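In: predicted model, plus sequence, below.
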Amino acid sequence: MTTRIDSFLVTADHICDYIPVVSTVTNLIDLFQKCVVIPLMGQERVLRSRYYTHIANKSLFRCIAVLIPFVGIIFAVTDYMHYAWLREVQALNEELGINHYPERMTALMAVRLDPEALQNYPQYQDDEVFVLAAIIRLGSAVRHASLRLRETRRILNAAIEQDGRAIRHAGPILSEDRELAFLAFEKCQEAFADINPRFQIEIEAMLAPIRENPRALEHATPEVKNYKPAVLIAVQQDGRMLQFASLRIRDTGSVVSVVVQQDGFALSYAGPNCRNCQPIVLQAVQQNGLALRFASQRLKNNFDIVLAAVQQDGRAIQYASEALRNHLDIALAAVQSNPTALLYLSDELKDNIEVVRAACNVEPLALRYASPRLQAELAGEYPNRPRRRREAQQAV
């Protein structure tokens, strides 16, 4: 039933692209789902749905272009002309008795648009090109491939990379392949029920000590430290365990993202790609502003990242780029979050009365970090004593 609903939604989305005004509404929904819903769903849930896979793969340019009424008609005309051209070429070649390639081209386009269409072309189910075209979009489409291809490691590996549950369609020989079984479970833990019972026992034996004590990862074998499910179990209990994972895992966004949401400082254990990934670094500094210290130089010069960091902990401004340390809005946010951030500002901002007042309104003792001129000017206004928490809250 779900497959039928997904097929209906995919067809409806194609048709709506061609209808003025309607295309605007449906593609606003598509953009919302591409930019908001799908990132929150996670790759595994997206791959389970043919509809969400279609939305994820839909061209962003097309989504934006058909927001404009009547632009969808242009797409309708070009799509129609394209298919009409294919039909004409096929008819011409049939007359000449050489209709193999146009038929193949038409079938390949159909499979690329809808991987499930592979089941409608039994003559190509033993063709690697067709099967690969289907499974790179929908891993479970490997079930329509011939037994020979389901026993071809390259084909099954590609299918599992797209959807771990594709392991259930492996031929008798590859279903006994340990590496593919472990890969399937790594890509989708729901695939556990579909892998060989012998490997289920081995996986359970690998994960059991870590479930009992996450520090077991520290003394685990390199294979375990490089196995995503094992590391995830450890870091979900204790984010610091990320430091014992392999570099590949420490540079895997889905793992690091889980860790930094509970301990932003764990960004220090992340690989270089994750330290340069804006969504991951943003999660880290929102949890602990001082995690900005471990961000890449590019992100230390990113206004949104630095602002989020200093709002969480004003002292994080010391790790921002020189340009942003001298930015008035960043400086104000920093001293309002933590008045001691005034210590890390430039001499120019330490002599800015707006910034100094913002710090001293929270904590009068912060005046000691201001320029000598402002210390003398504001000494009578801000007594040399710590402000109580209630007074600071009232001032704010």
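Out: Looks like it came in fine. Keep in mind that what you see is a predicted model, and the values were worked out from it rather than measured.
In: spit out the contact partners of the residue nearest to residue 261 when sequence neighbours are not counted.
Out: The shortest distance from residue 261 to any non-neighbouring residue, by CB to CB, 6 or more residues apart in numbering, is to residue 283 (5.3 Å). Where C-beta positions appear, they are placed from N, C-alpha and C, glycine not excepted. Taking CB atoms under 8 Å, 6 or more residues apart in numbering as the definition of contact, the neighbours of residue 283 are 257, 260-261, 264.
In: quick one: buried residues of the one helix or strand residue 283 maps to?
Out: Using DSSP states H and E, the secondary-structure element containing residue 283 is helix 278-287. In terms of neighbour count (16 or more other CB atoms under 10 Å), helix 278-287 has its buried residues at 280-287.
In: and residue 24, how far from residue 64?
Out: Noted for residue 24: a distance of 11 Å to residue 64, by CB to CB, to the nearest Å.
In: for those two, indicate the residue with more neighbours.
Out: Each of residue 24 and residue 64 had its neighbours counted (other CB atoms under 10 Å), and the higher figure belongs to residue 24 (16 against 13).
In: so the more buried one sits right up against residue 69, yeah?
Out: Yes. Here residue 24 lies in contact with residue 69, judged by CB atoms under 8 Å, at a distance of 6.1 Å.
In: which other helices and strands contact the helix or strand where residue 182 lies?
Out: Under the criterion DSSP H and E, the helix or strand holding residue 182 is helix 178-187. Secondary structure elements in contact with helix 178-187, counted by 3 or more CB pairs under 8 Å, 6 or more residues apart in numbering; DSSP states H and E, are helix 153-162, helix 197-212, helix 228-237.
In: between these, which one is closest to residue 122.
Out: For those, distance to residue 122 was read as CB to CB. The smallest value, 16.9 Å, belongs to helix 153-162.
In: show me this protein divided up by domain.
Out: As assigned by automatic domain parsing, the chain contains the domains 1-98, 108-189, 196-242, 251-313, 326-396.
In: what's the span of the second one from first residue to last?
Out: To tie it back to what came earlier, the one meant is domain 108-189. For domain 108-189, the first-to-last residue distance is 32 Å (CA to CA, to the nearest Å).
In: what average pLDDT does that domain get?
Out: When pLDDT is averaged over domain 108-189, the result is 90.
In: secondary structure class for the closest residue to residue 19 other than its chain neighbours?
Out: In space, not counting the residues next to it along the chain, residue 19 is nearest to residue 72; the distance is 6.4 Å by CB to CB, 6+ apart. At residue 72 the chain is in helix, as set by DSSP: H, G, I helix; E, B strand; the rest coil.
In: so what pLDDT did residue 72 get?
Out: According to the model's per-residue confidence, residue 72 sits at a pLDDT of 70.
In: same check, this time on residue 17
Out: At residue 17, pLDDT is 82.
In: burial measure for it, as a count.
Out: By other CB under 10 Å, the burial measure for residue 17, its neighbour count, is 23.
In: got it, and residue 145?
Out: Residue 145 is flanked by 27 other residues according to other CB under 10 Å.
In: give me the phi and psi for it.
Out: The phi and psi torsions at residue 145 (degrees, to the nearest 10) take the values phi -80, psi 160.
In: that one touches residue 124, doesn't it?
Out: No. Counting by CB under 8 Å, residue 145 does not reach residue 124; the two are 9.7 Å apart.
In: between these two, what contacts are shared?
Out: When CB under 8 Å, 6+ apart defines a contact, the residues bordering residue 145 and residue 124 alike are residue 118.
In: who touches the nearest residue in space to residue 236 that is not next to it in sequence in this structure?
Out: If the residues on either side of it in the chain are set aside, residue 236 comes closest to residue 258, at 6.4 Å by CB to CB, 6+ apart. Residues near residue 258 by CB under 8 Å, 6+ apart: 232, 235-236.
In: and if we set it to 10 Å?
Out: 231-232, 235-236, 239, 242, 266, 283 (CB atoms under 10 Å, 6 or more residues apart in numbering).
In: quickly note the distance from it to residue 129.
Out: The span separating residue 258 from residue 129 equals 38 Å under the rule CB to CB.
In: what about residue 137, which SS state?
Out: When classified by three-state DSSP, residue 137 comes out as coil.
In: circling back to that earlier point, of all the domains of the chain, which lies closest to residue 320?
Out: Between these, domain 251-313 lies closest to residue 320; by CB to CB that is 4.5 Å.
In: how about the helices in the stretch 1-150 of the chain?
Out: In the stretch 1-150 of the chain, the helices defined using DSSP state H, counting those that start in this stretch lie at 2-16, 22-32, 38-41, 43-48, 50-57, 60-65, 71-96, 100-113, 128-135, 147-150.
In: pick the most buried one from those.
Out: Mean neighbour count, computed with mean count of other CB atoms under 10 Å, is highest for helix 128-135 among those, reaching a mean of 22.
In: neighbours of residue 352, just the number please.
Out: 20.
In: now do the phi/psi pair for it.
Out: Main-chain dihedrals, residue 352, degrees, to the nearest 10: phi -90, psi 120.
In: try residue 137
Out: Dihedral angles phi and psi of residue 137 (degrees, to the nearest 10) take the values phi -100, psi -30.
In: go ahead and confirm it touches residue 131.
Out: No. The pair formed by residue 137 and residue 131 falls short of the contact definition of CB atoms under 10 Å, at 11.4 Å.
In: now do the shared contacts for the two.
Out: Common neighbours of residue 137 and residue 131, counting by CB under 10 Å, 6+ apart, are 111, 115.
In: and the nearest residue to residue 270 once chain neighbours are set aside, helix, strand or coil?
Out: If the residues on either side of it in the chain are set aside, residue 270 comes closest to residue 256, at 4.7 Å by CB to CB, 6+ apart. The assignment at residue 256 comes out as helix when based on three-state DSSP.
In: tell me the contacts of residue 256?
Out: Listed by CB under 10 Å, 6+ apart, the contact set of residue 256 reads 235, 239, 242, 245, 249-250, 266-267, 269-271, 273-275, 277, 280-281, 283-284.
In: one more pass at 6 Å, please.
Out: In this structure, residue 256 makes contact with 270, 274, 280, judged by CB atoms under 6 Å, 6 or more residues apart in numbering.
In: alright, calling it a day.
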